[in-house]
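A.B. asks: only geometry, no sequence info:
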């Protein structure tokens, strides 16, 4: 009796549901059944709110743009970087089939394309140099080259900017991830898959002027890539 009435009560306005909960003549309300109706009441409120919000549901791109322009979105936009760690990526793929399937299930709004992180001719060329003076005289890769948008960053961060742009057709927000100057300075001295953080810090302490020039060089390259 209580269960069937409670189901019908879900579709009633809140004030009538509250009256039903407090009524003691037609429905016998012990502590358990009152908890049941209150639980259904909360579910009904959620359904009602969701129904109202669905009338003004934003696309992923609109939602993200609203936040970036300091406007109120219909909900917080979501962005998952499951592919940024190979261990996490493997676990996500094993459980959900793929990182893309996981993001679809979680209604992710943002897709991120990553720019290359070896600006002096790729990883193999970087592995042969390992010297600040050499890097200072070398020409950087052309930031206006189409290869900047189609070259994967590495085996883990392999979503290129061109691939990310395909998601515009699904009204997703597309981000272009560009590397900062200290990140790039570490990649200059990467060896055996390990970042050259120690060497980059040593250069800052031992060769501050040369490091400053390198940072400016890398910052200009990153800005030109973004542009």
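C.D. replies: Received, thanks. Quick caveat, the model's predicted, so the values are computed rather than measured.

A.B. asks: check contacts around the residue nearest the centre of the chain.
C.D. replies: The chain has residue 79 as the residue nearest its centroid, 2.4 Å off, counting by CA atoms, centre = their mean. In this structure, residue 79 makes contact with 108-110, 112, 175, judged by CB atoms under 8 Å, 6 or more residues apart in numbering. C-beta here means a position set from N, CA and C on the backbone, and glycine is covered the same way.

A.B. asks: same check, this time on residue 86
C.D. replies: residue 156.

A.B. asks: domain map for this structure?
C.D. replies: Following automatic domain parsing, one finds the domains of the chain at 2-55, 109-226.

A.B. asks: circling back: okay if I get the contacts of residue 79 as a markdown table plus distance to residue 198 and pLDDT?
C.D. replies: Formatted as a markdown table, the contacts of residue 79 follow (distance: CB to CB, whole Å; pLDDT from 0 to 100):
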| residue | distance to residue 198 | pLDDT |
| --- | --- | --- |
| 108 | 35 | 91 |
| 109 | 38 | 93 |
| 110 | 33 | 92 |
| 112 | 28 | 89 |
| 175 | 30 | 89 |
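
A.B. asks: same list (these) but as JSON lines, adding distance to residue 206 and neighbour count.
C.D. replies: Putting the contacts of residue 79 into JSON lines (distance: CB to CB, whole Å; neighbours: other CB atoms under 10 Å) gives the following:
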{"residue": "108", "distance to residue 206": "43", "neighbour count": "19"}
{"residue": "109", "distance to residue 206": "44", "neighbour count": "24"}
{"residue": "110", "distance to residue 206": "40", "neighbour count": "20"}
{"residue": "112", "distance to residue 206": "35", "neighbour count": "19"}
{"residue": "175", "distance to residue 206": "36", "neighbour count": "15"}
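
A.B. asks: so which of those residues comes closest to residue 183?
C.D. replies: residue 112 (15.1 Å; CB to CB).

A.B. asks: excluding its backbone neighbours, what's nearest that closest one?
C.D. replies: residue 175 (4.4 Å; CB to CB, 6 or more residues apart in numbering).

A.B. asks: what does the helix or strand harbouring the one you found rub up against?
C.D. replies: For residue 175, the host element (DSSP states H and E) is strand 173-177. By CB under 8 Å, 6+ apart, the residues outside strand 173-177 that reach it are 60-61, 63-65, 77, 79, 109-115, 157, 161, 164-165, 167-168, 226.
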